[in-house]
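Novice: Task: produce atomic coordinates for the following.
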Amino acid sequence: MERIMLLKATMGVDSVGRIINTIRRGKVRLQEVMMWFKDDYVSMQIKLEGSENEIDWLYKKLFKLVDVDEVKVV
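Specialist: Numbering: from 1, shown residues only. Next comes the predicted model:
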């Protein structure tokens, strides 16, 4: 199943590294990543392919990261 995750995080490039490392641990296929940096925030749109269980697992892991303020799956 293909899904898009929308994330908002603080700490800029450091947050991007933590988010990408978390995605690498999941059993999903990363298809596309877009990032926007504004002030102290980074917004990301990530296109993933994987099972619903794996995407849910990834959502929960990303939401637990200290610098991630918002995660949405569409």
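Novice: Would you list the phi and psi of the residue in the chain sticking out farthest from the centre?
Specialist: Distance from the C-alpha centroid of the chain peaks at Asp39, with 19.1 Å (Cα atoms, centre = their mean). Backbone geometry at Asp39, expressed as degrees, to the nearest 10, gives phi 50, psi -120.
Novice: any idea how far the lowest-mean-pLDDT helix or strand in the chain is from the chain center?
Specialist: Across the helices and strands of the chain, the lowest-confidence element by mean pLDDT, DSSP states H and E is helix 12-25, at a mean of 93. How far helix 12-25 lies from its chain's middle: 8 Å, per Cα atoms, centre = their mean, to the nearest Å.
Novice: same thing with stretch 27-43?
Specialist: Counting by Cα atoms, centre = their mean, stretch 27-43 comes out at 7 Å from the chain centroid.
Novice: do the same with stretch 43-52
Specialist: On the basis of Cα atoms, centre = their mean, stretch 43-52 is displaced by 7 Å from the centre of the chain it belongs to.
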